[in-house]
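Novice: Build me a model:
(chains A, B, C and D)
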Protein chains: 2
Amino acid sequence: MNNFNWQWWQYFLAIADQGSLSKAASILGVSQPTLSRQLLAMENQLSQTLFDRSTQGLELTTFGQGLLEECRLMQESALRLQRLADGQSQILSGRIRLSANEMIALYYLPNILPDFQDRYPQLKVEIEVNNKASNLDKRDADVAIRMFKPVQLDLIVKHLFDLPLNFYASQDYIEKHGCPQNSNEFLQHRLLGYDRDTQFEEGARRLGWNLKNESFMFRCDFMPLHLELAKQGGGIVGTHKSLCDRYGLVPIDVGIEIPPLPVFLVCHRDVQHNKRIRVMMDFLIERLEGALD
Amino acid sequence: MNNFNWQWWQYFLAIADQGSLSKAASILGVSQPTLSRQLLAMENQLSQTLFDRSTQGLELTTFGQGLLEECRLMQESALRLQRLADGQSQILSGRIRLSANEMIALYYLPNILPDFQDRYPQLKVEIEVNNKASNLDKRDADVAIRMFKPVQLDLIVKHLFDLPLNFYASQDYIEKHGCPQNSNEFLQHRLLGYDRDTQFEEGARRLGWNLKNESFMFRCDFMPLHLELAKQGGGIVGTHKSLCDRYGLVPIDVGIEIPPLPVFLVCHRDVQHNKRIRVMMDFLIERLEGALD
DNA sequence: TAATGGATATTCAAATATGAATAACTTTAA
DNA sequence: TTAAAGTTATTCATATTTGAATATCCATTA
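Specialist: I've put the predicted structure just below:
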């Protein structure tokens, strides 16, 4: 009776999402001809066409569209099952994926991760460096370091500490352009700002400032570049207090207090008891704060 | 990343439900060794045991139990997908499953089904004869004839007609035992009643009677037997008015009016536009009432 | 116009998964 | 105690599925 292979729905969804047999096949870990034939078999059994083919790829028919939504629900179950299963794993080998933004990845993790690998040599560590919050539901990452508190209910969140922030410039810069003495002077200086990232804008608005991204002379969302620029005397950067010494930067005090940046450690509730994930989180709890020397 | 085959969950659920590789394999349409190996591969990938084996079969480990519930949700999606897909089918060949109780199956369907098969020779008709309501969610049947109005929201229900009921006995019986003239006399007679089926009991209670199953002299849930017994002069039967002529039964009027039995035609909302199902329902709407000659 | 790149479908040798048969075991029934 | 009937695991020849290579098509670009 129930002769429909669930794997077919998995195939169907991958093809629909990718819009191409080749891409879907590569993600699914099968070859394009295999996927082509499986899809044909599926359509054959349904006596219905799921996708319109072209040399540009595949597009859902209206029939196929009618199945997509429920298929996504099925995928959610599948993902949840995988999390539930993996969540029980007490194996200390395999891979663990950590998500962090560029600043954490570049300035804090290198100090401590070698120790982790010494302690757990069987564990392969994969770091996803990304300003976007990666999807813990889909296990794009196992553990994430976030600078904001996630609201999603099925996530386990631990507040680690707060990163003090301030404005800094190099000694060179100050000698050349002088040190601003108040906020009006400050705004006339070469401020290193953001491009599409609105986090800073929003922070400023909460402090009652009208500081648009457009007001900055130099704009870039890749924060490490701000630091390097500031180091070369390129301008004033708002960044972590713990980094100024390393970069030979001096604080600029114009009576503006930047609220410190909270740091959270996050994992999915379903996998919180996974041993690999547990040891990674414990390690980060133990060592990350100390990495801010 | 997402290297888990959805088919494995299908296997997992079937094994959990059947409690045996052999049974599950037969249902899934694979061989027992195949299923045994697939399960092993699955457990291997999870590095966890899903079932404890014995020569009696397989039993879920606590780990496996933790996955069962979500797996059932996944199955619901799979079943819904299949209904949605099948629901669009405009093919007039294949099988169609009809669910009916014993009375309908035995006394009304034989009159009309041959015409259906003449009209749609490509369609194989399967009849599930069952007093229980078969599961339209799981497609145990495509179309069901029910004597009660289903409450489930995702079912399409059409009220066909009402079957008049009355009490009957054979001429022989009446000559031998006399015809009861009032309800007190009536209750002293040989009434043919039910065993575990409480539908009649409940109907009687709604009419203000205290008529327990235990009060009957002869008890059986298989209604056609009641009719045959009554025909042989075995007692008084409460049954369809339309059957009394065929069986040479005469009505017994003791001032008790049995409310007529409503007849509903039911299919799942998801498959209501399926052509096979459509023609079967149209046929039954057209012909079933006439079968009550 | 011709070349390129990206797409699906087909071919065919090779790897893989399958199932009949069987082994090994346990419970139940005789 | 033995036989029967049920279970899962293993073996091995077979059948199926797979993927590299290829054909073919179409849009884009030089």
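Novice: alpha carbons only for contacts and neighbour counts from here, please
Specialist: Noted.
Novice: can you confirm A:Val266 is in a strand?
Specialist: Yes: secondary structure of A:Val266 (DSSP: H, G, I helix; E, B strand; the rest coil): part of a strand.
Novice: For the helix or strand bottoming out on mean pLDDT in chain A, buried residues please.
Specialist: Scoring the helices and strands of chain A by mean pLDDT, DSSP states H and E places helix A:199-206 at the bottom, with a mean of 81. Neighbour counts using 16 or more other C-alpha atoms under 10 Å in any protein chain shown place A:Glu201, A:Ala204 of helix A:199-206 among the buried residues.
Novice: How about the contacts made by the closest residue in space to A:Phe222 that isn't next to it in sequence?
Specialist: Setting aside the residues directly before and after it, A:Phe222 is nearest to A:Glu102 in space (C-alpha to C-alpha, 6 or more residues apart in numbering or on different chains), at 7.5 Å. Each residue near A:Glu102 by C-alpha atoms under 8 Å, 6 or more residues apart in numbering or on different chains is listed here: A:Val129, A:Asn130, A:Asn131, A:Phe222, A:Met223, A:Pro224.
Novice: How about A:Ile112?
Specialist: Residues in contact with A:Ile112 (C-alpha under 8 Å, 6+ apart) are A:Arg287, A:Leu288, A:Ala291.
Novice: average model confidence for the helix or strand where it lies?
Specialist: A:Ile112 is part of helix A:109-119 when elements are defined by DSSP states H and E. Mean per-residue pLDDT for helix A:109-119: 92.
Novice: With respect to A:Tyr107, which of the contacts of A:Ile112 is nearest?
Specialist: Ranked by distance to A:Tyr107 (C-alpha to C-alpha), the contacts of A:Ile112 are led by A:Ala291 at 8.6 Å.
Novice: Just the residues contacting the least confident helix or strand of chain A, thanks.
Specialist: By C-alpha under 8 Å, 6+ apart, helix A:199-206 touches A:Tyr194, A:Asn210, A:Leu211, A:Lys212, A:Asn213.
Novice: if you set the cut-off to 7 Å instead, what comes out?
Specialist: Outside helix A:199-206, the residues that touch it by C-alpha atoms under 7 Å, 6 or more residues apart in numbering or on different chains are A:Asn210, A:Leu211, A:Lys212, A:Asn213.
Novice: Just list the residues touching the closest residue to DNA strand C within the stretch 51-200 of chain A, thanks.
Specialist: Residue nearest to DNA strand C within the stretch 51-200 of chain A: A:Gly57 (3.4 Å; C-alpha to the nearest atom of the strand). If you count contacts by C-alpha under 7 Å, 6+ apart, A:Gly57 has them with A:Gly19, A:Ser20.
Novice: List the beta-bridge partners for it.
Specialist: For A:Gly57, the beta-bridge partners under DSSP bridges are A:Ser54.
Novice: what about A:Leu98, distance to A:Tyr108?
Specialist: The spacing between A:Leu98 and A:Tyr108, counted by C-alpha to C-alpha, to the nearest Å, is 13 Å.
Novice: likewise A:Phe218?
Specialist: To A:Tyr108, A:Phe218 is 25 Å away according to C-alpha to C-alpha.
Novice: got the buried residues for the top helix by length along chain A?
Specialist: Secondary structure of chain A per DSSP state H: the longest helix is helix A:62-87. Using 16+ other C-alpha under 10 Å as the test for burial, helix A:62-87 gives A:64, A:66-68, A:70-71, A:73-87.
Novice: Can you name every helix or strand that that helix contacts?
Specialist: When contacts are defined as 3 or more C-alpha pairs under 7 Å, 6 or more residues apart in numbering or on different chains; DSSP states H and E, helix A:62-87 packs onto helix B:62-87.
Novice: mind listing what's buried in the helix or strand following the helix it packs on?
Specialist: Next in sequence after helix B:62-87, counting helices and strands by DSSP H and E, comes strand B:94-100. Residues of strand B:94-100 classed as buried by neighbour count (16+ other C-alpha under 10 Å): B:Ile96, B:Arg97, B:Leu98, B:Ser99, B:Ala100.
Novice: which stretches of chain A form strands?
Specialist: Along chain A, counting by DSSP state E, strands occupy A:51-54, A:57-60, A:94-100, A:123-129, A:143-146, A:155-163, A:165-170, A:192-193, A:218-219, A:237-240, A:249-251, A:261-268.
Novice: Lowest average pLDDT across those strands?
Specialist: strand A:218-219 (a mean of 84).
Novice: circling back to that earlier point, okay if I get the contacts of helix A:199-206 as CSV plus neighbour count, pLDDT and distance to A:Ile174?
Specialist: Below are the contacts of helix A:199-206 laid out as CSV (neighbours: other C-alpha atoms under 10 Å in any protein chain shown; pLDDT from 0 to 100; distance: C-alpha to C-alpha, whole Å):
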residue, neighbour count, pLDDT, distance to A:Ile174
A:Asn210, 12, 77, 25
A:Leu211, 17, 77, 22
A:Lys212, 16, 78, 24
A:Asn213, 19, 76, 23
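Novice: and those, which of them are in helices?
Specialist: Among those, no residue falls in helices (DSSP H).
Novice: which of these lies closest to A:Arg146?
Specialist: Nearest to A:Arg146 among those, with distances taken as C-alpha to C-alpha, is A:Asn213, at 22.4 Å.
Novice: Next to DNA strand C, which bits of chain A? Give me the list.
Specialist: A:19-23, A:32-33, A:36-37, A:53-58 (C-alpha under 7 Å from any atom of the strand).
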